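Q: generate coordinates for the sequence data below:
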Amino acid sequence: MTIESGNDRDVAFDSLIGPLVEPGLRLAFSMLGNRAEAEDATQDAITQAWRNLSQLRDRSRARPWFLSIVANRCRNLRRTNWFSTVRIADVFRAAPIADTQNERIDLEQGLARLPLGDRQVLFMRFYLDLPVDEVAASLGISPAAAKGRIYRACKRLRPSLLEEDLT
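A: Next up, the predicted model:
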């Protein structure tokens, strides 16, 4: 199937960023905790990526480049007064849950107790399955710093999961 627009830049952008939209949306949701806000932040990131496409020198680095734009958009959104005053309560966990899902909820609760930076590195590394060098590039830090952050975040997560097992 051919695209009739004839604009090579549109096609190139879509083929480059299109597969990254879903991981970007998941990253935004993990940072913001609200699907509508995550969709808005991801859409803003897509627009910013379109405007700054000429800054991407190496197409193989598109994923960390785009995810860093998404993360920055989320951080900027969290800094606004609107974000801190307008929050919609989550009301979707009323039904009883099977044991396998309880473990998932325990993990989600443990992650929720972590600072945003810790959740972000764990999400990128283990949920998006990014290599450490791409996590580092997305966060604008060295690979050694990314490894350290991942290690410390895992270390901080462990006690909250063990605490859940003891109760």
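Q: when you work out contacts or count neighbours from here on, use the C-alpha atoms and nothing else.
A: Fine.
Q: what's the weakest-modelled helix or strand in this structure?
A: Using mean pLDDT, DSSP states H and E, helix 81-85 stands out as the lowest-scoring helix or strand of the chain, at a mean of 50.
Q: what pLDDT does the model give the most centrally placed residue in the chain?
A: Centroid-nearest residue in the chain, with Cα atoms, centre = their mean: residue 27, separated by 1.5 Å. For residue 27, the model assigns a pLDDT of 89.
Q: how about the backbone phi and psi for it?
A: Residue 27 adopts backbone torsions of phi -60, psi -50, taken as degrees, to the nearest 10.
Q: give me the neighbour count for residue 121.
A: For residue 121, the neighbour count with other Cα atoms under 10 Å is 25.
Q: residue 41 too?
A: Neighbour count of residue 41, defined by other Cα under 10 Å: 26.
Q: per the record, what domains does the protein have?
A: Per automatic domain parsing, the structural domains of the chain span 1-88, 94-167.
Q: for these, which has the smallest mean pLDDT value?
A: Least confidently modelled of these is domain 94-167, at a mean of 77 by mean pLDDT.
Q: chain center to it: distance?
A: Domain 94-167 has its C-alpha centroid displaced from the chain centroid by 12 Å (Cα atoms, centre = their mean, to the nearest Å).
Q: not counting its neighbours along the chain, what's nearest residue 156?
A: Leaving aside its sequence neighbours, residue 156 sits nearest to residue 114 (Cα to Cα, 6 or more residues apart in numbering; 7.3 Å).
Q: look at the one you found and say how many residues are nearby.
A: Counted with other Cα under 10 Å, the neighbours of residue 114 add up to 16.
Q: so which residues of the chain form helices?
A: 8-17, 21-32, 35-51, 62-79, 81-85, 99-113, 116-122, 132-139, 143-166 (DSSP state H).
Q: distance between the first one and the chain's centre?
A: Pointing back at helix 8-17 there. Offset of helix 8-17 from its chain centre (Cα atoms, centre = their mean): 22 Å.
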